[in-house]
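Novice: need a structure here:
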Amino acid sequence: MKSILAVTSSPKSEGSVSNALVDRFTQNWSDITVNAEITRRDVGANPLPHLDEATIGAIYTPDDARSDAQRDLLALSDAVVEELEAADVIVIGAPMHNFAITSALKTWIDHAARVGRTFRYTAEGPEGQLKGKKVFVLTARGGNYGEGSPAQAMDHQTPYLKTVLGFLGLTDVTFIHAEGVAQGHDGIDAAVQMIAAAMPADLAA
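Specialist: Residues are numbered from 1 along each chain as shown. Take a look at the predicted model:
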């Protein structure tokens, strides 16, 4: 059995396309997996606090030198990192906001990118530590930003996520885009079909 971490980041309590796509993904997962182990973190409904000076200071303090107050500051970030470390598969719901990701998802990434935990510095440069995991990013965009579209250059969502996930060692990433959701259901239907096709049996083995 493999475990899945499902991260949603839409601020909508109802009618979120990206949340619905994540729900579809996890339902498909449950349908093909006995005793499916699914951990959910909804940073849209429950946003993480932005990193402040004290928290950043705690991150860069060696573990054996941290005070109790610094450990308390890092408790939430530690939980985020532990969820990532424990997951075999990570699915991220990412609505496009202003050509990029939501502020809630960006803050989750800030808590997840931990020097000495999820990446480390080496003589050859930074090295991601979250290797060997499969990631699915399910996006929802009001317009069409796909390859060859006039608005493709305005898509700062895909390249950013690809870069930062790769920095953490997450290089096996599949993007499934629900394009043009403000114009109808065709993009959503296409994304649902791609989710079904992206559920090979070996993911549930």
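
Novice: Count the neighbours of the closest residue to residue 182 other than its chain neighbours for me.
Specialist: Nearest non-adjacent residue to residue 182, counting by C-beta to C-beta, 6 or more residues apart in numbering: residue 142, 3.7 Å away. (Each C-beta comes from the backbone N, C-alpha and C, glycine too.) Here the count is done by other C-beta atoms under 10 Å, and residue 142 has 16 residues near it.

Novice: State the distance from residue 142 to residue 178.
Specialist: To residue 178, residue 142 is 10 Å away according to C-beta to C-beta, to the nearest Å.

Novice: my guess is the residue nearest to residue 182 contacts residue 184, does it?
Specialist: No. With contacts counted by C-beta atoms under 8 Å, residue 142 stays clear of residue 184, the gap being 11.2 Å.

Novice: report the longest helix in this protein, please.
Specialist: Looking across the chain with DSSP state H, the single longest helix is helix 17-32.

Novice: by contact count, what packs against that helix?
Specialist: Packing partners of helix 17-32 (3 or more C-beta pairs under 8 Å, 6 or more residues apart in numbering; DSSP states H and E): strand 3-8, strand 37-42, strand 89-95, strand 134-140, strand 172-178, helix 186-197.

Novice: and with 6 Å instead?
Specialist: Identification of packing neighbours for helix 17-32 by 3 or more C-beta pairs under 6 Å, 6 or more residues apart in numbering; DSSP states H and E yields strand 3-8, strand 89-95, strand 134-140, helix 186-197.

Novice: looking at those, which is buried most?
Specialist: Most buried of the helices and strands packed on helix 17-32, by mean neighbour count (mean count of other C-beta atoms under 10 Å): strand 89-95, with a mean of 25.

Novice: Which strands or helices does it pack on?
Specialist: strand 3-8, helix 17-32, strand 134-140.

Novice: If we use 10 Å, what do you get?
Specialist: Contacts defined by 3 or more C-beta pairs under 10 Å, 6 or more residues apart in numbering; DSSP states H and E place strand 89-95 against strand 3-8, helix 17-32, strand 37-42, helix 103-112, strand 134-140, helix 157-167, strand 172-178.

Novice: partners of that strand in the sheet?
Specialist: Here strand 89-95 is paired, per DSSP bridges, with strand 3-8 (parallel), strand 134-140 (parallel).
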